[in-house]
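1. Next come a sequence and a model predicted from it.
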Amino acid sequence: MLAAFLLPATAAEASGPLRTHAEARGKFIGAALATSPLANETSYRNIAATEFNQITAENAMKWDATEPSQNQFNFSGADAIVNFATQNNQQVHGHTLVWHSQTPGWVQGLGATAMRSAMQNHISQVVGRYASNAAVVSWDVVNEVFDDNGNMRTSFWYNTLGQSYIADAFRAARAADSNARLCINDYNVEGINAKSTAMYNLVSSLRQQGVPVDCVGFQGHLAIQYGFPSDLQQNLQRFAALGVQVRITELDVRMQMPRDATKDATQATYYRNVVNACLAVSACAGVTIWGFTDKYSWVPDTFSGQGAALIYNESYQQKPSYTAVHDALAGGSTTDTTPPTTPGTPASSGVTSNSAALTWTASTDSGGSGLAGYNVYREQGTTDTQLGQSTTNSITLTGLSPSTQYQVYVRARDGAGNLSGNSALATFTTTSGPGGGGCTAVGTVQNQWNNGYVVQPVTVTNTGTAAITGWTVTFTLPAGQTLAGSWNAALTVSGQTVTARNAGHNGNLAPNGGTTFGFQVSRPSGNTQTVSGYTCA
Ligand code: XIL
C-alpha cells in the first residue's frame, strides 16, 4: 500500500508554528510541561505557548502533587498548568489519576475498603475541580496497569483491590465529569505485541461491560537503537475499530549519547513516522511530546547514557526532529514517490546449516517519508522470495536449507512504501548438517525494547512435495532470556530450547504452503541478543 505521505504545500505554509498546521489537520500537537521552567523561563514559556495547542502536566497532576496527605489537596501546580493553557487557548490532558508510581505511601498502606474509597475520593476531587473548566478535556484515569509481558501489573492497587479497581476508577471519573474523555495509558504498546494485545482485550471487555473507557493512550517512549514499531499505524487502527479515540501521549525518541547528525536524522524519521501514523488514522486525536527541550527531559535521569530525545536542544534551538514534526503536520498534497538509495552489497558471515548473517551499507531517503527498513530477497530464477525484513542494515537469516547455495540481495523501503533498486548479490552456501525435514521456519524481530522483543512473524513453509498435517519448529533462547507469550502456536520450553507446535487451525500445509506464528521474549536490561537457530520438522 502506498501510504498517503504528504509534503509541505508551500513555503509560506511551512513557516507556521506546529499548532497552526495541526489545527488545519484536525489534530492536536502537545507537550508535557514542567511547572518550574514554566514559571521561570521566558523562552520555555514562549515556545510552549506558540507551538502547541495541547498541554499535559509532566508531574503536577500526579497523586503525590495533588493529594500528598489524605484529603489535603494541593492544586497549585495543576492550576498553573491549566491557567497557562487557558491563556493560550490550549486543551489540557489530565495525567494521571491512578498509577503505581508517584503515589504517596499513605495510599499504598491502606486496606481494601479504605483504598477503594481513597481512590474514589481522589478521582472525585481532582476531576471535579476541573469538570466545568473548558480547557481540561481528558484524563488518564489509569496508567501502566500491565507489566511488560501483558499480565496485570502486580501493583499495590492490583494486590489490594484486584483488577476491579480499573473499572471502578473509570466509573468514578465519569461520575465526576460527564463530558471528559477518559483514557487508559501505557508504554510499549505502540506496535502489535503481547502487551498491546492484552490492552486491546482489556479495553474491549471493559467497553462490553459498559465501563466508560473512551480513549487509549500510547506513550511512545521510543529509542533509535531499538527500531521503529513499523506496525504503529496498524495497531492504532485496530484500537480505533473498538470505537475508542487513540492518541500518542508521551512521545520522545532517545539515543545513546553523544548526539550526532546521523542519530538526529534517524530520530527525525521516528518523529515523522509517529505523526504520519496519527494523521493516517482518523480516530487519532493527536500527538503529545514528553517535553520539548532537551534542557528538561526525564530521559538522561532515567536511561543511563541516553538523551537528546526531544525536538529542541538545550538552548531552545529547533532540531531536525522539529522539522520532521513540522513538515509532517504541514503536509500538503505531494506524495513521496522518491525511493531510497540502493543499499550496499551485503556481506555474509556466520554461515551454518540453516542460518547466515548479512550486513550492508545503509541507504538514505530524501523523498520525505524517511527510511523505514530493508527487505532481503533470494534470487532463484524467475520468482524471488523474500527471506526477511530488518529495520537496520543487518539481518540474521534463519530457517535456511542445508548444503544449499543462496544468492541474496537487499532493497531499502521508505515510509511511503517506495522500494529502492536491488543491491548487488551476495552468494553463500549453507553447511551440511542435520536436515530440517520438509519445512522451514524464518523468524523476524518485529519490535524490541530495552528488556524484551517480539518475533512476528515466524513464517513456517512446507518445502516438501506432499501436504503435511502438523509441524514442529524449534529455536534457541539466549541465556537469561525467557518466553513471555505466544500466538498461533503452542510453545513449550526446555532449558533454552523452545519447541513450537502448530495450533489447531494452522497445522495443515499444502506443498509450498505456509503459515505464521509469533512470540514475545523478556530479557535482562542491556542484553541485546535475540533468538536463533530455527529448525522445522
Ligand atoms: C515521568 C516524568 O517525566 C519525570 O519527571 C518523573 O520524575 C517521573 O515520571 N510514563 C508516564 C509519565 O506516564 O508520567 C512519566 O513521567 C514517564 C513514563
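-> That came through, no problem.

2. Setting aside sequence neighbours, what's the nearest residue to the closest residue to the ligand within the stretch 251-400 of the chain?
-> Relative to the ligand, the nearest point of the stretch 251-400 of the chain is Trp298 (3.4 Å; Cβ to the nearest ligand atom). Any C-beta I mention is one placed from the backbone N, CA and C, and that applies to glycine too. The shortest distance from Trp298 to any residue other than its chain neighbours is 7.0 Å, reached at Trp290 (Cβ to Cβ, 6 or more residues apart in numbering).

3. give the contact list for that neighbour.
-> Shown in contact with Trp290 (Cβ atoms under 8 Å, 6 or more residues apart in numbering): 31-32, 58, 219-221, 250-252, 297-298, 309-310.

4. what residue ranges in this structure are flagged as low confidence?
-> Across the chain, the ranges flagged by pLDDT under 70 are 1-15, 332-336, 369, 416-417, 433-437.

5. Output the set of residues of it in proximity to the ligand.
-> Within the chain, the positions adjacent to the ligand are 58-59, 143, 219, 250, 298 by Cβ under 6 Å from any ligand atom.

6. Looking at these, which are in strands?
-> Secondary structure assignment (DSSP state E) places 143, 250 from the residues of the chain next to the ligand within strands.

7. Thought Thr359 was touching Gly350, still the case?
-> No: Gly350 lies out of contact with Thr359 (Cβ atoms under 8 Å); the separation is 10.5 Å.

8. okay, the two: which has more neighbours?
-> Using other Cβ atoms under 10 Å as the criterion, Gly350 and Thr359 rank with Thr359 on top: 17 against 11.

9. how about that one, what does it touch?
-> Residues near Thr359 by Cβ under 8 Å, 6+ apart: 346-347, 349, 393-394.

10. Tell me the buried residues within these.
-> 346, 393 (16 or more other Cβ atoms under 10 Å).

11. and the contacts of Thr359 as TSV, adding secondary structure?
-> Listed next are the contacts of Thr359 as TSV, based on DSSP: H, G, I helix; E, B strand; the rest coil:
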residue	secondary structure
Pro346	coil
Ala347	strand
Ser349	strand
Asn393	coil
Ser394	strand
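
12. before we move on, back to that, check the contacts of Trp290 against Ser101 and report the nearest one.
-> Trp298 (11.9 Å; Cβ to Cβ).

13. Pretty sure that closest one sits against Leu310.
-> No: with contact taken as Cβ under 8 Å, Trp298 and Leu310 are classed as non-touching, separated by 10.3 Å.

14. list the residues that contact both of these two?
-> Contact with both Trp298 and Leu310 is made by residues 290-291, according to Cβ under 8 Å, 6+ apart.

15. So which of those two has more stuff around it?
-> Remark: of Trp298 and Leu310, Leu310 carries more neighbours, 27 against 18, as counted by other Cβ under 10 Å.

16. Need phi/psi at the more buried one.
-> Backbone torsions for Leu310, taken as degrees, to the nearest 10, come to phi -110, psi -170.

17. So which residues of the stretch 101-250 of the chain form helices?
-> For the stretch 101-250 of the chain, helices defined by DSSP state H, counting those that start in this stretch occupy the ranges 105-108, 112-129, 156-161, 164-176, 194-208, 232-240.

18. Those into a markdown table, with extra columns for mean neighbour count and distance to Ala330?
-> Output for the helices of the stretch 101-250 of the chain, formatted as a markdown table (neighbours: other Cβ atoms under 10 Å; distance: least, Cβ to Cβ, whole Å):
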| stretch | mean neighbour count | distance to Ala330 |
| --- | --- | --- |
| helix 105-108 | 14 | 45 |
| helix 112-129 | 17 | 35 |
| helix 156-161 | 18 | 42 |
| helix 164-176 | 20 | 35 |
| helix 194-208 | 19 | 30 |
| helix 232-240 | 19 | 19 |
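
19. relative to helix 232-240, how tilted is the longest helix seen in the chain?
-> In terms of residue count, the longest helix belonging to the chain (DSSP state H) is helix 261-280. Angle between the axes of helix 261-280 and helix 232-240 is 30 degrees (criterion: axes from the mean of the first three to the mean of the last three Cα atoms, to 10 degrees).

20. quick one, what contacts Tyr187?
-> Listed by Cβ under 8 Å, 6+ apart, the contact set of Tyr187 reads 144, 219-221, 250.

21. Quick check: chain neighbours aside, which residue is closest to the most centrally placed residue in the chain?
-> Nearest to the mean C-alpha position of the chain, by Cα atoms, centre = their mean, lies Glu190 at 2.6 Å. Distances taken as Cβ to Cβ, 6+ apart place Pro229 nearest to Glu190, at 4.3 Å, with adjacent residues excluded.

22. so who does the one you found touch?
-> Contact analysis of Pro229 by Cβ under 8 Å, 6+ apart lists 190-191, 222, 235, 446-447.

23. 10 Å instead?
-> Applying Cβ atoms under 10 Å, 6 or more residues apart in numbering, we find Pro229 in contact with 188-193, 196, 218, 220, 222, 235, 270, 273-274, 277, 391, 446-449, 454.

24. Same check on Gln318?
-> Residues counted as contacts of Gln318 (Cβ under 10 Å, 6+ apart) are 47, 51, 292, 311-312, 325-326.

25. which one of the residues of the chain next to the ligand sits closest to the ligand?
-> Relative to the ligand, the closest of the residues of the chain next to the ligand is Trp298; by Cβ to the nearest ligand atom it sits at 3.4 Å.

26. for that closest one, what are its contacts?
-> Counted by Cβ under 10 Å, 6+ apart, Trp298 has contacts 32, 34, 58-59, 221, 250, 252, 254, 290-291, 309.

27. Among those, which lie within strands?
-> Using DSSP E, 32, 221, 250, 252, 254 are the members of these that sit in strands.

28. What is the burial count for the nearest residue to the last one once chain neighbours are set aside?
-> Residue nearest to Arg254 in three dimensions, not counting chain neighbours: Ala309, with 4.0 Å by Cβ to Cβ, 6+ apart. Applying other Cβ under 10 Å, we find 25 residues neighbouring Ala309.
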